[in-house]
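S.K.: predicted coordinates and the sequence they were generated for:
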Amino acid sequence: MGVFKSLNRQQKEAVGLLQVGTFLEYFDLMLYVHMAVLLNELFFPKTDPHTASLVAAFAFCSTYVLRPFGALLFGWIGDRLGRKATVVITTMMMSISCAIMANVPTYTQIGISAAWIVTLCRVFQGIASMNEIIGAQIYVTEITKPPAQYVAVSFIGVSSALGSVFALGIATLVTHFDFNWRSAFWIGAGIAVVGSVARTRLRETPEFLEARQKRNNTIQKQTHNQTVLRKTMLAYFFLYCGWPLSFYISFVYFNTILKEHGYSSEDIVFHNFLLSIISLVVTWLPAHITHRIHPLKILKLRGNGLFLLTLCLPFLIMSSYHYLHIFGIQAMLLIFALSSIPADSIFLKYFPTLKRFTIAGFLYALKSAFIYMFVSFGTVYVTKWFGVYGLWFIILPVTLGFLWGIRHFEKLEGLRPDKSLRNKDDVLHSRAA
């Protein structure tokens, strides 16, 4: 891509290593997510359909519920010791978790202990993956400048989507050709070790080193004392609530409906594999064109598109009598998915350098813990009470929050004139660009 020609050799190497590492992390993370229809039956007790839905929601949310605590820990490491340390440690955590899951006995062998072991592994994987992607995005943001920055940071997200595609590909092979599912987790553990070793070659970002030097200097403390507006933090939170919603509705919610159409667990895994390819394409395309179209304009188009699609969603679902109809609905949901790509670097630069990892990581983790619980458990109950119309109560509030967040950052970027931005209480005291 021509925009990368402006990067020097060291920058290109760092971006490449981080993209590979993110791919490996999300390959490991999404293995269980996309094989859950099979693995939940192995590690959790069999129950009635309603309870099974709640158990599935619990298994899904366990990956994200403790992320805020992990964010505080790794935020401290990232803002004190450096960005490099976090991306190496998190990759190794993912490897250890995968190795344990590859060997844990099933529920029929050791009872409820199997469920707890798997749940704890999922918790550690969730913590590792969250700090991995935030660390990689911050690292690339701090070593590049726009417009190459937009593309380089966006491709961190593309790498995570690619990891999900490969995870689903492996899951498809395992479920359709009767391979041992444990081998998939051994593959994940092995490639995570490779990623950890490769990342030891990274150097710390100059922006972080400079900011830390200023913090240690009693004469200059401006960077360390920067404040971040609550409004900006809230906008960041709302924006990042979008993708968990889109992911769950697109990949998880329709599993029950597909089973009603006669789908087996193996069929659902392959079905989602095809969807993941669509997700990869619609993730790659905005990253590819972001040097021509401002990232916030791309996000606004997606937000407005999903809002209109959601209004029609119950009627589309009720009129679907074939699995291809369901696939078409899921594909449209992914096309207008509320992803932060390709504007991640825009959001990150409004946080001060020596608080950036802690703030961004904590908000990212908080949205994961909140929105995944809200969506997964919420859909179980609102669809029970209101049928498919209940999806309005889940999707529309998150979409409106997403659009408000875009509007706020448009003002900060000067894309939307607003006199209130002249007030020092409404913006950062200084911009950590």
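M.R.: Received, thanks. Numbers count the residues shown, from 1 in each chain.

S.K.: do a quick rundown of the helices in the stretch 201-350 of the chain.
M.R.: 206-216, 230-240, 242-247, 254-260, 265-289, 295-318, 323-335, 344-348 (DSSP state H, counting those that start in this stretch).

S.K.: and those helices: which comes nearest residue 360?
M.R.: helix 344-348 (5.9 Å; C-beta to C-beta). Where C-beta positions appear, they are placed from N, C-alpha and C, glycine not excepted.

S.K.: can you list contacts of the closest one?
M.R.: 137-138, 140-141, 144, 146, 149-150, 153-154, 156-157, 236, 239, 295-296, 340, 356, 360, 409, 413 (C-beta atoms under 8 Å, 6 or more residues apart in numbering).

S.K.: now that helix: mean pLDDT?
M.R.: Averaging pLDDT along helix 344-348 gives 90.

S.K.: who does the next helix or strand after that helix touch, helix- and strand-wise?
M.R.: Scanning forward in sequence from helix 344-348 by DSSP states H and E, the next helix or strand is helix 356-386. Helices and strands touching helix 356-386, by 3 or more C-beta pairs under 8 Å, 6 or more residues apart in numbering; DSSP states H and E, are helix 49-61, helix 67-80, helix 112-143, helix 230-240, helix 242-247, helix 344-348, helix 391-413.

S.K.: one more time with 6 Å, if that's ok
M.R.: Contacts defined by 3 or more C-beta pairs under 6 Å, 6 or more residues apart in numbering; DSSP states H and E place helix 356-386 against helix 49-61, helix 67-80, helix 112-143, helix 230-240, helix 242-247, helix 391-413.

S.K.: pipe these into CSV and attach mean pLDDT, mean neighbour count and distance to residue 275 per row.
M.R.: Output for the helices and strands packed on helix 356-386, formatted as CSV (pLDDT from 0 to 100; neighbours: other C-beta atoms under 10 Å; distance: least, C-beta to C-beta, whole Å):
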stretch, mean pLDDT, mean neighbour count, distance to residue 275
helix 49-61, 62, 16, 17
helix 67-80, 76, 21, 25
helix 112-143, 80, 24, 20
helix 230-240, 90, 19, 21
helix 242-247, 89, 23, 10
helix 391-413, 93, 20, 18
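
S.K.: of those, which is nearest residue 18?
M.R.: helix 112-143 (4.2 Å).

S.K.: show me what that closest one is packed up against.
M.R.: By 3+ C-beta pairs under 6 Å, 6+ apart, helix 112-143 packs against helix 9-43, helix 67-80, helix 83-101, helix 148-176, helix 344-348, helix 356-386.

S.K.: please state the offset of stretch 176-193 from the chain centre?
M.R.: Mean-position distance between stretch 176-193 and its chain equals 22 Å (C-alpha atoms, centre = their mean, to the nearest Å).

S.K.: mind listing what's buried in it?
M.R.: Of all the residues in stretch 176-193, those buried under the rule 16 or more other C-beta atoms under 10 Å are 181, 184, 185, 187, 188, 189, 191, 192, 193.

S.K.: quick one: mean pLDDT over that stretch.
M.R.: 74.

S.K.: CA atoms of it as CSV?
M.R.: What follows is stretch 176-193, C-alpha atoms only, in CSV (Å, rounded to 0.1, in the frame of the first residue of the first chain):
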residue,chain,number,x,y,z
HIS,A,176,-16.4,-31.5,10.1
PHE,A,177,-13.5,-34.0,9.8
ASP,A,178,-13.7,-35.4,13.3
PHE,A,179,-10.2,-34.1,14.3
ASN,A,180,-9.3,-34.0,18.0
TRP,A,181,-10.5,-30.5,19.1
ARG,A,182,-7.6,-30.4,21.6
SER,A,183,-5.1,-30.1,18.7
ALA,A,184,-6.5,-26.7,17.8
PHE,A,185,-5.6,-25.4,21.3
TRP,A,186,-2.1,-26.9,21.0
ILE,A,187,-1.7,-25.0,17.8
GLY,A,188,-2.9,-21.8,19.5
ALA,A,189,-0.4,-22.3,22.4
GLY,A,190,2.5,-22.9,20.0
ILE,A,191,1.9,-19.9,17.8
ALA,A,192,1.5,-17.6,20.9
VAL,A,193,5.0,-18.6,22.1
